[in-house]
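Trainee: I'd like to go over a predicted model; first the sequence, then the structure.
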Amino acid sequence: MSSVSEGRFMSSFVPSITPTARRTTLLTGDGVRIEAVYTPCTRGSGAAVDEGSAGTAIVVAHGFTGSVDRPAVRRAAEVFAQRAAVITFSFRGHGRSGGRSTVGDREVLDLAAAVAWARSLGHGRIVTVGFSMGGSVVLRHAALYTAQDVPDPVRTGSTAGAERVVRRTGAHAGRTEAHADAVVSVSAPARWYYRGTAPMRRLHWVVTRPAGRFVGRYGFRTRIDRRDWDPIPLSPVEAVPLIAPAPLLIVHGDQDPYFPLDHPRMLAEAARGTAELWLERGMGHAENAADESLLTRIADWTAAA
């Protein structure tokens, strides 16, 4: 693999389609160590392998203050594993991963490392499923990792050069080894710096103020980078038109306290008819609000997309 080689996986070698759950540490393109867990498909013997390929793997991107060991993330992994192998990981600054959270910017490199690991295990088809912050990351990742004729974010350790090309030309960026074959974004924002709800105003306080970052570190076990975005990354709504032809599913609850329904509708409109939109009655925000029924329907969609 060229974008994230076997040598960048910091654990011992993992054979293709390992039969048991395996925890490892990945190294991102900018040198951050990321904890990750591989869970094989639980749907009967050999279900992870189909028609001569290694089958599908679902890579789960959690929300802000989440981690690979949070109950909601493990619940999602268990449901998804009934349909495919699953990789979960902790974004930088979360859980046992190194670095500091950039709240959706350089986290694209974390997701790319997890996708590349899935391919190194032999999986021929990768679906990314992101929640909230992770939902914005899977959208940007899908826009940045589909071709090889512009700067490679994994190799350079930066998304800035690739995003400049995307904005200027509308071309896709990144390397095919780290690309997703289908994308599911749950409870994601459409645009940056949104402060229209009380929970988002509190989140901005946590991210932007020294006292807030102290609360984030010791109250939510999330280490947050104090630096502002420079440059400002491609927004989710800017990324969405670049995802096709990969299938895209946008899921949002009508009781989401963070992002009202104009966010998913804006994302769906930006897709210009190439995305499927599910507005879930009574659902709140992200993985904590996703019940087993919804997770099962998402898993079925990833299999059929």
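Mentor: In hand now; what should we look at? Numbers count the residues shown, from 1 in each chain.
Trainee: Helices along the stretch 201-305 of the chain, start to end?
Mentor: 210-219, 236-239, 262-270, 286-289, 292-304 (DSSP state H, counting those that start in this stretch).
Trainee: mean confidence score for the first one?
Mentor: Translated: helix 210-219. Averaging pLDDT along helix 210-219 gives 96.
Trainee: what bits of the stretch 1-150 of the chain have low per-residue confidence?
Mentor: 1-19, 44-54, 147-150 (pLDDT under 70).
Trainee: where along it do the helices fall?
Mentor: 71-80, 107-120, 133-144.
Trainee: between those, which one is nearest to Ala304?
Mentor: Ala304 lies closest to helix 71-80 among those, at 13.9 Å (C-beta to C-beta). Where C-beta positions appear, they are placed from N, C-alpha and C, glycine not excepted.
Trainee: Export only the CA atoms of that closest one, formatted as CSV.
Mentor: What follows is helix 71-80 as a C-alpha-only set of coordinates in CSV (Å, rounded to 0.1, in the frame of the first residue of the first chain):
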residue,chain,number,x,y,z
PRO,A,71,-20.7,2.4,24.6
ALA,A,72,-22.6,4.0,21.6
VAL,A,73,-19.6,3.4,19.3
ARG,A,74,-19.3,-0.3,20.4
ARG,A,75,-23.1,-0.7,20.0
ALA,A,76,-22.9,0.6,16.4
ALA,A,77,-19.9,-1.7,15.7
GLU,A,78,-21.8,-4.7,17.0
VAL,A,79,-24.8,-4.0,14.8
PHE,A,80,-22.7,-3.3,11.7
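Trainee: What are the buried residues along that helix?
Mentor: 72-77, 79-80 (16 or more other C-beta atoms under 10 Å).
Trainee: how about the residues you listed in TSV, adding distance to Asp300?
Mentor: Shown next, in TSV, are the buried residues of helix 71-80 (distance: C-beta to C-beta, whole Å):
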residue	distance to Asp300
Ala72	20
Val73	20
Arg74	20
Arg75	17
Ala76	14
Ala77	16
Val79	10
Phe80	10
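Trainee: does Val138 really touch Gly63, like I thought?
Mentor: No - here Val138 does not reach Gly63: they are 11.6 Å apart, not a contact under C-beta atoms under 8 Å.
Trainee: So for those two, which residue has more residues nearby?
Mentor: Between Val138 and Gly63, counted using other C-beta atoms under 10 Å, the more crowded position is Val138 (31 against 26).
Trainee: ok, now how distant is the spatially closest residue to Thr102 that is not a sequence neighbour from Gly212?
Mentor: Closest residue to Thr102 apart from its sequence neighbours, by C-beta to C-beta, 6 or more residues apart in numbering: Asp225 at 5.1 Å. As judged by C-beta to C-beta, to the nearest Å, Asp225 and Gly212 stand 13 Å apart.
Trainee: And Gly282, by the same measure?
Mentor: Relative to Gly212, and taking C-beta to C-beta, Gly282 is found at 31 Å.
Trainee: go on, Glu276?
Mentor: 36 Å.
Trainee: out of these two, which sits in the busier spot?
Mentor: Gly212 (17 against 14).
Trainee: Next up, the contacts around that one.
Mentor: With contact set as C-beta atoms under 8 Å, 6 or more residues apart in numbering, Gly212 has these partners: 205-206.
Trainee: Let's see that with 10 Å instead.
Mentor: 202-206, 219, 224 (C-beta atoms under 10 Å, 6 or more residues apart in numbering).
Trainee: coming back round to it: which residues touch the residue nearest to Thr102?
Mentor: With contacts defined as C-beta under 10 Å, 6+ apart, the neighbours of Asp225 are 92-93, 99-103, 105-106, 207, 213.
Trainee: okay, the residues you listed in a markdown table with neighbour count next?
Mentor: A markdown table is the format used below for the contacts of Asp225 (neighbours: other C-beta atoms under 10 Å):
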| residue | neighbour count |
| --- | --- |
| Arg92 | 23 |
| Gly93 | 26 |
| Gly99 | 21 |
| Arg100 | 19 |
| Ser101 | 23 |
| Thr102 | 21 |
| Val103 | 23 |
| Asp105 | 22 |
| Arg106 | 27 |
| Val207 | 19 |
| Arg213 | 20 |
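Trainee: any idea which of the residues you listed is closest to Arg265?
Mentor: For these, the nearest to Arg265 is Val103 (23.2 Å; C-beta to C-beta).
Trainee: Surely the closest one and Arg226 touch.
Mentor: No - using C-beta atoms under 10 Å as the test, Val103 is too far from Arg226 to be in contact (11.5 Å).
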